[in-house]
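>>> The following block contains a protein sequence and its predicted model.
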Amino acid sequence: MLCIGLEGTAHTLGIGIIDSDGKTYANVRSEYVPKSGGIHPREAAQHHVDVLAAKLLETLEKSDLTLKDIELIAFSRGPGLGPCLRITATAARTLALLLDIPLVGVNHCVAHIELGRLITGFKDPLVVYVSGGNTIVSAYEAGRYRVFGETLDIALGNMLDTFARAAGLTHPGGPKIEKLAKNSARNFISLPYSVKGMDLTFSGLLTAAVNILKEGVQLEDLCFSLQEVSFAMLTEVTERALAHTEKSEVLLTGGVAANKRLQEMLHIISEEEHDAKFLAISPDLAGDNGVMIAWTGLIQFMQGDILDVKNSQILPKWGLSAFEFTRT
Ligand code: ATP
Ligand code: FE2
């Protein structure tokens, strides 16, 4: 069965086609990059409007398919920015009605995890999902992805991007901070370490780092220290979740998964200290994309989770653990 997936929760408009054997036919993306500052929801939505038709045609061309070949439509129903979600949801509904094929509404966070499972072959991992909008340590238990630990304020990627902006670096800041940290003399600058039970907070760390930046320290050292502290916080929570759940696999996904230092820390606690396999999703599939929506849509379809167009409203605040999801 062939499924087309439309992703549009935030900055990325993604369209992908995959079949029920997990073969990808196309994975086309276009990213809205703000001229300055963070994402403006209406501008991001306008970007999706501007590129959607061309990207749909490009997806079909790349996959050597026509719309008539598509048997299922999946779209990112939430969580995300309302104006952006509405664009892809409207396109998905239109296609479903036009082609007279079923429509499936996918949870964006579950989609990141499910594509990760497909790529790695992991059966039942502890998942560390870190991006610009999310910081979640989760595992599947009794019909849903349960959240073991998460940020209580801003996401790790958002913290890195906001600090980078204050330091005059362009968006996205994460990769630039990683590069500067790598070239640093590794002079550690003390910063607040804030783990509360199984949860994390990053805003105090961000404020402290921005204040220290104004004192004129070496930016490389500050980037190094910011990574060490924030990644150690996440690693501590992950390790505790691993000890508690006794999972034998650890999966790192989301945009921040590209970071080599974070990978190294999680690799050490997984493989060396808990005898669990560790894998990070490759950057091209760790970020938002349409294939992850298409793949998760297929899984949901197989379970009979189909949406009536009339009841297919978007769910901007759709939490990971609020979604009952039967895995295959
Ligand atoms: P979501 O909607 O799932 O929250 P997102 O909209 O933030 O995702 P992603 O592409 O998953 O989009 O993640 C982007 C984030 O990843 C940005 O904050 C970016 O700085 C961060 N990032 C990318 N590469 C690196 C890296 N090498 N080191 C640290 N952070 C990185
Ligand atoms: Fe995402």
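It's in. Numbers count the residues shown, from 1 in each chain. Ligands and ions are numbered 1, 2, ... in the order given.
>>> Now Phe148: phi and psi?
Per-residue torsions, Phe148: phi -90, psi -30 (degrees, to the nearest 10).
>>> and it, how many neighbours?
Neighbour count of Phe148, defined by other CB atoms under 10 Å: 22. C-betas here are computed from N, CA, C, even on glycine.
>>> mind listing what it touches?
Leu126, Val137, Ser138, Ala139, Met198, Val237, Ala241, His244, Thr245 (CB atoms under 8 Å, 6 or more residues apart in numbering).
>>> so the third one makes contact with Val147?
I take that to be Ser138. Yes: Ser138 lies in contact with Val147 (CB atoms under 8 Å); the separation is 5.3 Å.
>>> Could you name every residue contacting both of the two?
Among the neighbours of Ser138, those also in contact with Val147 (CB under 8 Å, 6+ apart) are Leu320, Ser321.
>>> Compare the two (neighbour count), which wins?
Per other CB under 10 Å, whichever of Ser138 and Val147 has more neighbours is Ser138, with 26 against 19.
>>> Just confirm that one is within a strand.
Yes: looking at Ser138 with DSSP: H, G, I helix; E, B strand; the rest coil, it is inside a strand.
>>> Pairing partners for it in the sheet, please.
In this entry, Ser138 is beta-bridged to Val127, Val147, by DSSP bridges.
>>> Quick check: the most centrally placed residue in the chain vs Gly22, distance?
In the chain, the residue lying closest to the centroid (CA atoms, centre = their mean) is Gly254, at 3.6 Å. According to CB to CB, to the nearest Å, Gly254 stands 21 Å off from Gly22.
>>> List the buried residues for stretch 183-200?
For stretch 183-200, a neighbour-count test (16 or more other CB atoms under 10 Å) marks Ser184, Ile189, Leu191, Ser194, Met198, Asp199, Leu200 as buried.
>>> Roughly how far does the residue nearest to the centre of the chain sit from ligand 1?
The gap separating Gly254 from ligand 1 is 5 Å, by CB to the nearest ligand atom, to the nearest Å.
>>> same question, Gly132
From Gly132 across to ligand 1, the span is 2 Å (CB to the nearest ligand atom).
>>> give me every residue that touches the residue nearest to that residue when sequence neighbours are not counted.
In space, not counting the residues next to it along the chain, Gly132 is nearest to Gly157; the distance is 3.9 Å by CB to CB, 6 or more residues apart in numbering. Gly157 sits next to Val130, Ser131, Gly132, Gly133, Thr135, Pro172, Gly174, Gly254, Gly255, Val256 when contact means CB under 8 Å, 6+ apart.
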